[in-house]
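*Asks:* I'll drop the sequence and a predicted model, then ask my questions.
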Amino acid sequence: MFCVNCLTPHTDVANSRPHKRTPTVWRRRRCPQCQHIFSTTEMPEPTSNLQIHNTATDGSATFNPGRLVISIANAFQHNEAKGKQEAWELMQTVTGILVSDCRNETTVHDIATVTHQILQNYDSAAAISYALQHGLLKEVRRRGRPSVSAASSLISPASPAPETQVSPFQSHRTGRDTFRTPNESGH
């Protein structure tokens, strides 16, 4: 263990006590170089037992948090500085959720879905970028506008353009004019 004061690579353990309720160990350490005394708490890495199931090969691999950090940071294309600063904390949030599911094995799709949900709550632009990178979204729509594929299915090249122009006052349901002058309204 490195000294937190002078960065000497080796420190001496002066006292050590296991915690009664959690799998942690408290240690009092002393640096032989600068005589600085500090405490540490050691605990198992929660993702060390998390396995990723590969559906294509029907095998599994150990979860790598570093890959998730890079993937999250790459999603912040609109703000790279923010991505570099926040990717580690966002990865810890995602792994906390994955570990809290009490499953020892998860899939890449589960990790991508949880990460996308976390990013939606944090930064919507990064969430869209992440979803596109990981195949969670197939197309992007602007609010209130049809998607490209929906618009192309409505207008086929074989259908002719409408010959009659529709009045802006014409009802879309009945085709009758809805605009009336005060004399036509009957009042």
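*Replies:* Arrived safely.

*Asks:* CA atoms for contacts and neighbours, from now on please.
*Replies:* Noted.

*Asks:* what residues does stretch 89-101 touch?
*Replies:* When contacts are defined by Cα atoms under 8 Å, 6 or more residues apart in numbering, stretch 89-101 is touched by residues 46-47, 50, 65, 68-69, 72, 106, 111, 114-115, 118-119.

*Asks:* backbone phi and psi for T95, please?
*Replies:* phi -70, psi -30 (degrees, to the nearest 10).

*Asks:* can you count the residues close to it?
*Replies:* The local packing of T95 (other Cα atoms under 10 Å) involves 21 other residues.

*Asks:* will you turn the contacts of stretch 89-101 into a markdown table that also has neighbour count, pLDDT and secondary structure?
*Replies:* Below are those laid out as a markdown table (neighbours: other Cα atoms under 10 Å; pLDDT from 0 to 100; DSSP: H, G, I helix; E, B strand; the rest coil):
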| residue | neighbour count | pLDDT | secondary structure |
| --- | --- | --- | --- |
| P46 | 12 | 66 | coil |
| T47 | 17 | 66 | coil |
| L50 | 21 | 76 | coil |
| P65 | 16 | 83 | helix |
| L68 | 21 | 88 | helix |
| V69 | 19 | 89 | helix |
| I72 | 26 | 92 | helix |
| T106 | 18 | 81 | strand |
| I111 | 17 | 87 | helix |
| V114 | 16 | 90 | helix |
| T115 | 24 | 91 | helix |
| I118 | 18 | 91 | helix |
| L119 | 23 | 92 | helix |
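
*Asks:* Tell me how far Q117 lies from N74.
*Replies:* 16 Å (Cα to Cα, to the nearest Å).

*Asks:* Between these two, tell me which one has more neighbours.
*Replies:* N74 (19 against 14).

*Asks:* does that one really touch E86, like I thought?
*Replies:* No. Under the criterion of Cα atoms under 8 Å, N74 makes no contact with E86, lying 11.5 Å away.

*Asks:* Okay, helices next: where are they in the protein?
*Replies:* 65-75, 80-100, 108-122, 124-133, 148-154 (DSSP state H).

*Asks:* so which of the ones you listed comes closest to C31?
*Replies:* C31 lies closest, by Cα to Cα, to one member of these: helix 80-100, at 29.1 Å.

*Asks:* Just the C-alpha atoms of that closest one, please, in CSV.
*Replies:* Taking C-alpha atoms only, helix 80-100 is exported to CSV below (Å, rounded to 0.1, in the frame of the first residue of the first chain):
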residue,chain,number,x,y,z
GLU,A,80,-15.6,15.5,-24.0
ALA,A,81,-14.4,17.3,-20.9
LYS,A,82,-17.6,16.4,-19.0
GLY,A,83,-17.3,12.8,-20.3
LYS,A,84,-13.8,12.5,-19.0
GLN,A,85,-14.8,13.9,-15.6
GLU,A,86,-18.1,12.0,-15.1
ALA,A,87,-17.5,8.6,-16.7
TRP,A,88,-16.0,6.9,-13.7
GLU,A,89,-18.8,7.9,-11.3
LEU,A,90,-21.5,6.9,-13.9
MET,A,91,-19.8,3.5,-14.3
GLN,A,92,-19.9,3.1,-10.5
THR,A,93,-23.6,3.9,-10.6
VAL,A,94,-24.2,1.3,-13.3
THR,A,95,-22.2,-1.4,-11.6
GLY,A,96,-24.0,-0.7,-8.3
ILE,A,97,-27.3,-1.4,-10.0
LEU,A,98,-26.0,-4.5,-11.8
VAL,A,99,-24.6,-5.9,-8.5
SER,A,100,-27.7,-5.0,-6.6
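
*Asks:* Cool, thanks, talk later.
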